[in-house]
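The following block contains a protein sequence and its predicted model.
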Amino acid sequence: MTVEEGGNFVKGNEHLGKRADSIFTFSDCRYVIKGKEILKGLSGTVKSGEVLAIVGPSGAGKTMLMNVFSLKSGPGRREGRVTLNSRDVTLSKFKKYFSVVEQQDNHWAYLTPREAITLATELQHTYSAEQTVQIVDSLIENMGLTGCQNTRVGNQFIQGLSGGQKRRLSLAIALVKKPCVILLDEPTSGLDAAAATSIMSFFKDLAQNLNIVIACTIHQPSTKVYNGFDLAMVLTGGRSAFFGPASFLGDYLQLIDRPIPRNSNPAEHVLDLVNREFTSPKEVDYMIDSWKAYSDKETRNPDSYLHKIAEEIANQKKGRGGSLPEPEPSPGALSQVGTLLKRQTILTIRDPIMYFGRAVAFLVACTFFSFVYLESRERTQSQAPYKLFLFMWHIGVPCALGVVAVIAYNMEFVSIKREVKQGQYSPSSYVFASSILQLPMMFVLGIAALTVGGYCVSLYHVPMYGQMLMLYASTLWTFESMAQLFAVQFPNPLLGMLAYMNLWFSSFLFCGIMVPEADVPWPLKVFCYILPLKYFLKSAMHTDLHETTFRGAMLDSEDPRGFSCRNATGDQGAGAESSLACYGYTGHQVLDSVGVTYRSIESKSTYVEDLLIILAIGILFKVMGTLVTITACRAQKGLSKPSKESSTEEEETT
Ligand SMILES: Nc1ncnc2c1ncn2[C@@H]1O[C@H](COP(=O)(O)OP(=O)(O)OP(=O)(O)O)[C@@H](O)[C@H]1O
């Protein structure tokens, strides 16, 4: 029987591995934002096999406490100690021994649960293919995902797994690491009562069978769900109003003269008592003060539970918490890059937004502009300058559409940060894998932009297709690197899009066509050198024109320019064209003539130089993006140790 059918965790499953005993302790945890204490000295301890529920009204500080446990960086300063077997939980310990299941299930929408679990296993373990299949089968069976193992996970846009199935998939992925502690933020949110009861009883079985610590926040548990917890912590206004065995809450409330009414839900009752929105502040203060008085008294009673907790915390602080298990060997960087590359390839093929959707948009947009500039396919005198404008559209519009990549990379980065923090792989492995995949995809995008619009409709010079494609792919890659930088630099994708569009506009403005480079004042002139479109246009014009000839002009040794349009034939305006519309017979002559007005255009080939500059600009943005990615993934602050006074206070008031 599976969880899906309301059953229990399959006991004694050897593939999931039973952990050695461990103790998770937090002592005197505080969180201060701009001088305001959000968490006020919270302490507690949870043993392996136990489930702790942190309950409290909205704004009580449940999420903040979870963030403190999970070393999440935030706006404030954290104080206190969080330990596992008396070792302070640092980011590297966290990666090895902790798994977090966040409130929002953030999965790869285009993978199936089987693929997602398999890839997570391959990223974190060095198992053989056969062992991997066994582990994956076991997780799928135990998490009740058998029926949906080959269904795409889905998201808000594509239909996929139900909320409960997604939550179980999150848990399956969290278990792949074989953690000692699992932290769950609101695991029942969005689930109906039956699903919530089923998943909580499942957690209880899981904690016992794998001997792991589970700590979760929960908003308003039903009686059935509440009865499944081993320990409960009641929070209000960042303070503790109860911490101890969940089954003891009723007796405690009786002791302080706030008994649970008959047939009432204990959690609901206590939440009513500590909620300032529904109860008088006096009553809430009474609950906090009563707990402080009770815990102070009981901590001194050698037979009490609270005394044992205080002792346990003191032991942990003194380093008498036992050793931590040695984590299983993890795959090397190359193997991780290979697995990530496999995942990125599957996602690229299935998710059209990132590349293939853009390729279609490029094809349509460039073909559209080719039709608008249909006359420019004729290599005639009057059309010569319009070739330049067509190139501007043919590269400018695809680059502008790169703004889509900012959103896509931003969404991707949310998942990447989570996976890196969970210790699945290093950020540099991700950057490496995504960069490898980007390269061929830039050629796909270049082919889409160039082939139909440029070569079929606008009749670009076919022998130069390879060179032109290289130019396109490089320029698109440079803009892709810009998009990736802004996607990771700004957590809000709208800001990233704004930054990208600003850079794109600047690139257009300073491409040497809109305003002569010589006229641009310093320091703005620097943009003429560091943005890629100028180099692209120069080389694209040269590549397409230099081996061709233009009708309406002829070589003329008597004319100082070496050509004239007076007696030329073949152009509709031949002979009658004004000297202004006479650009030249050879591609070189036309390039020089166009360059009189648009000074960045010239007949001299600067292809290699331009290509290298474009690539250098791309590399610069890539390096910046990589640094920001690595920094953002590592931006986790450890807890500062409590002050002497606060540690003493903590020992007194568990
Ligand atoms: N940036 C901030 N500046 C000041 N106060 C903040 C900030 N972020 C959160 N808080 C405050 O911290 C308190 C605890 O918030 P937290 O999100 O932990 O509550 P919660 O118990 O998880 O609530 P809920 O159940 O509604 O999610 C709240 O009173 C909130 O207003």
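On my side now, so go ahead. None of the values given here were measured: they were computed from a predicted structure.

my read: residue 82 touches residue 70, true?
No - taking CB atoms under 8 Å as the definition, residue 82 is not a contact partner of residue 70, at 9.3 Å. C-beta: built from backbone N, CA, C; applies to glycine.

can I assume residue 522 sits in a strand?
No - with DSSP: H, G, I helix; E, B strand; the rest coil as the criterion, residue 522 is assigned coil and is not in a strand.

how many neighbours does it have?
Residue neighbour count, defined by other CB atoms under 10 Å, stands at 6 for residue 522.

how near is it to residue 502?
20 Å (CB to CB, to the nearest Å).

all strands of the stretch 451-600 of the chain, in order?
554-555, 563-564 (DSSP state E, counting those that start in this stretch).

winner for burial among those strands?
strand 563-564 (a mean of 20; mean count of other CB atoms under 10 Å).

on contacts alone, who are the packing partners of it?
Under the contact definition 3 or more CB pairs under 8 Å, 6 or more residues apart in numbering; DSSP states H and E, strand 563-564 sits against strand 554-555.

what about the host helix or strand of residue 194, distance to the chain center?
If you go by DSSP states H and E, residue 194 is part of helix 193-210. Offset of helix 193-210 from its chain centre (CA atoms, centre = their mean, to the nearest Å): 29 Å.

quick one: buried residues of that helix?
Of all the residues in helix 193-210, those buried under the rule 16 or more other CB atoms under 10 Å are 195-210.

now swap in stretch 32-45 and tell me
Using 16+ other CB under 10 Å as the test for burial, stretch 32-45 gives 37-45.

Test for you: state the pLDDT assigned to residue 262.
On pLDDT, residue 262 comes in at 80.

re the thing from before, quickly list what's touching both of residue 82 and residue 70.
When CB atoms under 8 Å, 6 or more residues apart in numbering defines a contact, no residue borders residue 82 and residue 70 alike.

Can you give the domain ranges for the chain?
3-326, 335-515+615-634 (automatic domain parsing).

quick one: which helix or strand includes the closest residue to residue 489 other than its chain neighbours?
Spatially, and ignoring its direct neighbours in sequence, residue 489 is nearest to residue 628 (5.1 Å; CB to CB, 6 or more residues apart in numbering). Using DSSP H and E, residue 628 sits within helix 607-634.

mean confidence for that helix?
Mean pLDDT, helix 607-634: 94.

now stretch 448-455
96.

same question, stretch 293-310
For stretch 293-310, mean pLDDT is 82.

Next, the distance between the ends of stretch 451-459.
Across stretch 451-459, the terminal residues are separated by 10 Å (CA to CA, to the nearest Å).

for the ligand, what are the nearby residues on this protein?
Counting by CB under 6 Å from any ligand atom, the chain comes close to the ligand at 33, 38, 56, 58-64, 75, 219.

ok so, going back, point out the other helices and strands that the helix or strand that comes right after the helix holding residue 194 packs with.
Counting by DSSP H and E, the element after helix 193-210 in chain order, helix or strand, is strand 213-218. Here strand 213-218 is seen to pack against strand 23-33, strand 36-47, strand 51-55, helix 62-69, strand 181-185, helix 193-210 when contacts are counted using 3+ CB pairs under 8 Å, 6+ apart.

and the ones you listed, which one's lowest on average pLDDT?
helix 193-210 (a mean of 79).

can I get the CA coordinates of it in PDB?
This file holds the C-alpha atoms of helix 193-210, laid out as PDB (Å, rounded to 0.1, in the frame of the first residue of the first chain):
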ATOM      1  CA  ALA A 193      -7.500  17.900   5.000                       C
ATOM      2  CA  ALA A 194      -7.100  14.200   3.900                       C
ATOM      3  CA  ALA A 195      -3.900  14.900   2.000                       C
ATOM      4  CA  ALA A 196      -2.500  16.900   4.900                       C
ATOM      5  CA  THR A 197      -3.200  14.100   7.400                       C
ATOM      6  CA  SER A 198      -1.800  11.500   5.000                       C
ATOM      7  CA  ILE A 199       1.400  13.400   4.400                       C
ATOM      8  CA  MET A 200       2.000  14.200   8.000                       C
ATOM      9  CA  SER A 201       1.600  10.600   9.200                       C
ATOM     10  CA  PHE A 202       3.900   9.800   6.400                       C
ATOM     11  CA  PHE A 203       6.500  12.200   7.800                       C
ATOM     12  CA  LYS A 204       6.200  10.600  11.200                       C
ATOM     13  CA  ASP A 205       6.800   7.100   9.700                       C
ATOM     14  CA  LEU A 206       9.700   8.500   7.700                       C
ATOM     15  CA  ALA A 207      11.400  10.100  10.700                       C
ATOM     16  CA  GLN A 208      11.100   6.800  12.700                       C
ATOM     17  CA  ASN A 209      12.100   4.400   9.900                       C
ATOM     18  CA  LEU A 210      15.000   6.400   8.600                       C
END
